[in-house]
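Trainee: A structural model of the following input is requested.
(one chain, ligands or ions: 1)
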Amino acid sequence: MLAAARPIDCDVHPWLPGTAALHPYLDPFWRDQVVERGIGSLDTQSWPVLSPKSIRADWRDAKGRGADRVELLRAQSLDRLGTDTAILNCLAGVQIQLNQDMAVAFARAVNDWIRAEWLDRDPRLRASIILPTQNIEAAVAEIERLAPDPRFVQVLVLVMGENPLGKRTHWPIFEACVRHRLPLGVHAGSAYRHPQTSVGWTSWYLEEYAANQQAFQSTLASLITEGAFTKFPELRVVFLESGVSWLPSFLWRLSKTWKGVRFEVPWVDRSPFEIVRDQLRLTVQPFDVPTEMVPRLLDQLRGERMLLWASDWPHWQYEGDAALPPGLPEALLPRILRENALETYPRLLQGAMA
Ligand code: ZN
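Mentor: Prediction:
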């Protein structure tokens with residue numbers, strides 16, 4: 001059904017089956033460290049692979065595993081949905097490391113694993129560069145190392161990191177993103193340096209998953225108020241797996257308050273509404289909007305160019321092949337399924353993609 005639109009899937013997740021899988025991509029010192037520390041089977045993703053939401057039930061093998069090789073992505077998503085291009089966002093959890101040197105080594109290895117075991121095996125695939133944000137200089141060096149490969153089309157961080165994302169310590173990353181025409185992808189998830197809510201640690205998955213919305217709100221406010229969008233007008237930020245329903249009300253509050261106290265942040269020279277419309281994009285899985293509210297949401301965002309299609313494979317967001325959320329206006333589907341992604345990710349037009 002979707003294939004005619006040549007859809008671009010902006011959020012799929014290859015699962016790294018333990019640290020041992022990085023063995024060929026680590027230097028001898030870190031290979032030894034994996035053995036010495038006994039962490040070969042360590043899985044540092046926010047949610048364990050056996051957690052029901054991590055991989056949809058019918059996409060698991062008898063041991064409950066899946067999503068660890070390109071053949072599964074082809075059979076379960078690309079071929080079934082008729083996907084033209086898919087962007088791999090690996091959530092391997094390097095952001096959680098407290099040892100900066102280990103984070104840098106693992107980020108490099110994960111990126112090389114993605115390149116060799118996914119990108120090289122299917123011409124429909126593109127990927128995000130995983131960053132070791134524990135060390136900004138090394139994070140920029142990782143962008144520089146991989147930017148010559150046009151199949152890397154985005155830079156990826158988690159929404160809950162060490163510090164608010166708009167802080168100036170992160171700006172060298174934004175500068176490198178603009179230099180190489182790489183959007184900054186911000187995915188749901190935490191480095192667990194802080195509680196997942198502003199009022200403390202959560203007890204349940206439900207609480208934590210829903211709390212990502214707070215983190216996306218704070219991240220958006222940080223990027224705007226610190227002046228990151230003004231300093232880098234060409235920077236595009238993509239919120240991945242953020243949901244969308246939270247944005248209009250939060251933006252209304254932010255823009256209204258900005259009108260009253262903008263003397264405090266004179267570098268924010270446009271309404272947050274305008275900044276968001278020009279520089280922020282959102283993926284539509286999960287799409288947390290009742291069908292009857294969709295037209296109103298699109299009107300409130302004033303942004304038919306803001307939404308990007310994503311399946312979020314292999315996360316359990318939909319049943320069967322119903323990867324397109326219901327209620328999206330037919331007239332906008334060419335934009336949401338393809339054209340918005342081409343505008344957001346200029347590097348998709350480079351390389352092998354005609
Ligand atoms: Zn996702």
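
Trainee: Work out which residue lies at the spatial centre of the chain.
Mentor: For the chain, the residue nearest the mean C-alpha position is residue 187 (3.5 Å; CA atoms, centre = their mean).

Trainee: Tell me what that residue is bridged to.
Mentor: Beta-bridge pairing of residue 187, defined through DSSP bridges, involves residue 158, residue 240.

Trainee: That one contacts residue 89, correct?
Mentor: Yes: judged on CB atoms under 8 Å, residue 187 makes contact with residue 89 at a distance of 5.8 Å. Backbone N, C-alpha and C define where each C-beta goes, glycine included.

Trainee: quick one: common contacting residues for the two?
Mentor: Shared between the contact lists of residue 187 and residue 89 (criterion: CB atoms under 8 Å, 6 or more residues apart in numbering) are residues 11, 156, 240.

Trainee: and the gap between the last one and residue 286?
Mentor: Between residue 240 and residue 286 the distance, using CB to CB, to the nearest Å, works out to 11 Å.

Trainee: These two: which is more packed in?
Mentor: Per other CB atoms under 10 Å, whichever of residue 240 and residue 286 has more neighbours is residue 240, with 28 against 19.

Trainee: Next up, the contacts around the more buried one.
Mentor: Counting by CB under 8 Å, 6+ apart, residue 240 has contacts 10-11, 89, 185-188, 283, 310.

Trainee: Residue 219 now?
Mentor: Counted by CB under 8 Å, 6+ apart, residue 219 has contacts 159, 164-166, 186.

Trainee: Just the buried ones among those, please.
Mentor: In terms of neighbour count (16 or more other CB atoms under 10 Å), the buried residues within these are 159, 164-166, 186.

Trainee: now the contacts of residue 240 in TSV, with pLDDT?
Mentor: Formatted as TSV, these follow (pLDDT from 0 to 100):
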residue	pLDDT
10	98
11	98
89	98
185	98
186	98
187	97
188	96
283	97
310	98
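
Trainee: Which helix or strand contains the closest residue to the ion within the stretch 1-150 of the chain?
Mentor: For the stretch 1-150 of the chain and the ion, the shortest gap (CB to the ion) falls at residue 11, measuring 4.4 Å. Assigned by DSSP states H and E, residue 11 belongs to strand 8-12.

Trainee: all strands of the protein, in order?
Mentor: Applying DSSP state E to the chain gives strands spanning 8-12, 85-88, 125-130, 152-160, 184-190, 237-240, 280-283, 307-308.

Trainee: Among those strands, show me which one is buried the most.
Mentor: For the strands of the chain, the largest average neighbour count (mean count of other CB atoms under 10 Å) is found in strand 8-12, namely a mean of 28.

Trainee: what angle do that one and strand 152-160 make?
Mentor: Interaxial angle, strand 8-12 versus strand 152-160 (axes from the mean of the first three to the mean of the last three CA atoms, to 10 degrees): 40 degrees.

Trainee: Given strand 8-12, what are its sheet partners and their directions?
Mentor: Applying DSSP bridges, one finds strand 8-12 paired with strand 85-88 (parallel).

Trainee: The partner strand near the ion anywhere?
Mentor: No: applying CB under 5 Å from the ion, one finds strand 85-88 separated from the ion by no less than 10.4 Å.

Trainee: chain center to that strand: distance?
Mentor: How far strand 85-88 lies from its chain's middle: 11 Å, per CA atoms, centre = their mean, to the nearest Å.

Trainee: can you list the residues that contact that strand?
Mentor: 8-14, 73, 77-78, 114, 118-119, 124-128, 153-154, 311, 341, 345, 348, 353.

Trainee: got a list of what residue 19 touches?
Mentor: Per CB under 8 Å, 6+ apart, neighbours of residue 19: 34, 39-42, 106.

Trainee: so which one among those has the lowest pLDDT?
Mentor: Lowest in pLDDT among the contacts of residue 19 is residue 42, which has 81.

Trainee: Setting the sequence-adjacent residues aside, check what's closest to it.
Mentor: Nearest non-adjacent residue to residue 42, counting by CB to CB, 6 or more residues apart in numbering: residue 19, 4.8 Å away.

Trainee: Per-residue pLDDT of the one you found, please?
Mentor: pLDDT, residue 19: 90.
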